[in-house]
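Peer 1: 3D model of this:
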Amino acid sequence: MRFRPLCSWGGTAAFGCAESHYRSLRANLASVKITTMLLAGLLSLVGCVHALGKTAKAKRFPLWNFDEKPGMCRAKGRLQDKEYCSSKLMDKILAQGKDAIPILISQLTETRPTKQPIYDYWSLTTSGDVAYFILMDLFTDSDWKTFNMPGLEALKDDCTENAENCWLDFLEKHGRKFVQDQWLAAWNANKDRVYWDDTARCFRVRAVSKE
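Peer 2: Numbers count the residues shown, from 1 in each chain. Predicted structure coming up:
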């Protein structure tokens, strides 16, 4: 069997046949080019969505770089109370919802100093200290007294000195890992019942169902 040519060469018919195949080839190439461009655009879009997803869900907060408007966040109110504390970092943490809690717990052992102490009358604070302060405030109710996370009784201390000395004495006695372990155990035991109360601006824990 012999190969049959696409066009029989010779004369006007052969020229027309060749021109027809040339046009068909150009159309096919254009189609391939458009398809390639569409695929490239789709891949780029997927990459952007993936990057946005990473941005939306932080894995760690730059607590050492805690920001505030001058004179705020230092002596009165909870860190989530915007009338007492204006902070872009707190806004980002609150935007994460309850997903921020395990992140903050993971940072309790960090020792990087903040640019300056975030509380008045403290000589130094670290990113781990800030994680602890934020966690405590996020579970403190609007009366500034009621604490809503059960299972952290081991972190209570009957110290009568100033806040910084009491905190440093506790860390010297128990260590940051102990604090982290207590918070992690409490979180794992209660996380499915934790919810944000927008009126009180704090996390609360639903009562255990009696069913």
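Peer 1: For Arg112, give me its contacts.
Peer 2: Counting by Cβ atoms under 8 Å, 6 or more residues apart in numbering, Arg112 makes contact with 64, 126-127. C-beta here means a position set from N, CA and C on the backbone, and glycine is covered the same way.
Peer 1: any idea which of the residues you listed is closest to Asn165?
Peer 2: Thr126 (15.5 Å; Cβ to Cβ).
Peer 1: Count the residues that sit near that closest one.
Peer 2: Residues within reach of Thr126, counting by other Cβ atoms under 10 Å, total 20.
Peer 1: my read: it touches Leu108, true?
Peer 2: No. Thr126 is not in contact with Leu108 according to Cβ atoms under 8 Å; the separation is 10.1 Å.
Peer 1: Following the chain past the lowest-mean-pLDDT helix or strand in the chain, name the next helix or strand.
Peer 2: When each helix and strand of the chain is scored by mean pLDDT, DSSP states H and E, helix 11-56 comes last, with a mean of 53. On the C-terminal side of helix 11-56, the nearest following helix or strand under DSSP states H and E is helix 88-95.
Peer 1: Just give the nearest non-adjacent residue to Ala75, would you?
Peer 2: Nearest non-adjacent residue to Ala75, counting by Cβ to Cβ, 6 or more residues apart in numbering: Asp120, 5.0 Å away.
Peer 1: Do I have it right that that neighbour meets Arg74?
Peer 2: Yes. Using Cβ under 8 Å, Asp120 is in contact with Arg74, at 4.6 Å.
Peer 1: Settle it for me: which of these two has more neighbours?
Peer 2: Applying other Cβ under 10 Å to Asp120 and Arg74 shows that Arg74 carries more neighbours, namely 16 against 10.
Peer 1: contacting residues around that one?
Peer 2: Contacts of Arg74 (Cβ under 8 Å, 6+ apart): 68, 118-120.
Peer 1: Now the buried members of the residues you listed.
Peer 2: Those of the contacts of Arg74 that meet the buried threshold are 68, 118, by 16 or more other Cβ atoms under 10 Å.
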